[in-house]
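Participant: Predicted model, plus sequence, below.
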Amino acid sequence: MIALYILLAVIAVIVLLLAICLVRTVTVKPTSAVSAQIPKADEKRSMDYGKSLSKLVQIETISSRFDESRDKFYRFHEALEEMFPLIHKHLEKHVFNGSLLFKWEGKSHKDPILLMSHHDVVEASGEWEHPPFSGEIANGAVWGRGTVDTKASLFCFLTAVEELLAQGLHRTATFIWPAAVQKNGAAKAPH
């Protein structure tokens, strides 16, 4: 008999939970996300971004524990300086062993924002649909080593800051982001 009471109690709890879910489903109003409109991309701006990222991808920045030279990373830095002149004029920049650290001083030092990225890549072994350092633009995408991990994120950070500086924006918070070179020891990496 006790088992029957327990079973009835479990069924009652399940029915109650289902009733609560049904009432909430019927009474919850949709948010504005339901009708949000995403603006159509500016074709020229998108192509300009793609061409700029392509230039960065074309600079081979393979990091290996067997190659101590940092010359290729300094060439990459030179390309960044050409592409982002306002950043290099207005932000504090530190270069160490091929890595970069930028600091965009804000009005407040409370709660600084850290954006992280790196600009080295692992070896480009295996078969590639597009050459790994071609930066080829095809099918609406930039192809090559670093387009996903992680020259693209570095490019996005720098582009956003460059555009904000061009608009004369002054930050309340301090932004700090390293663009590091890591010593990759991986023999193969997915692409």
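Facilitator: Yes, it's here.
Participant: average pLDDT across the longest helix seen in the chain?
Facilitator: Looking across the chain with DSSP state H, the single longest helix is helix 2-27. Averaging pLDDT along helix 2-27 yields 91.
Participant: Repeat that for stretch 93-103.
Facilitator: On average, stretch 93-103 scores 92.
Participant: buried set for it?
Facilitator: Along stretch 93-103, these residues count as buried under the neighbour rule (16 or more other C-beta atoms under 10 Å): 98-100, 102. The C-beta positions use only the backbone N, C-alpha and C, and glycine is treated the same way.
Participant: Which residue, neighbours along the chain excluded, lies closest to E105?
Facilitator: T174 (5.7 Å; C-beta to C-beta, 6 or more residues apart in numbering).
Participant: residues in contact with the one you found?
Facilitator: Contacts for T174 were tallied using C-beta atoms under 8 Å, 6 or more residues apart in numbering; they are 103-106, 108-109, 112-113.
Participant: if I look at it, how far off is S117?
Facilitator: 17 Å (C-beta to C-beta, to the nearest Å).
Participant: can you redo the contacts of T174 as CSV with secondary structure?
Facilitator: Shown next, in CSV, are the contacts of T174 (DSSP: H, G, I helix; E, B strand; the rest coil):
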residue, secondary structure
K103, strand
W104, strand
E105, coil
G106, coil
S108, coil
H109, coil
P112, coil
I113, strand
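Participant: Check those and tell me the two furthest apart.
Facilitator: K103 and S108 (13.7 Å; C-beta to C-beta).
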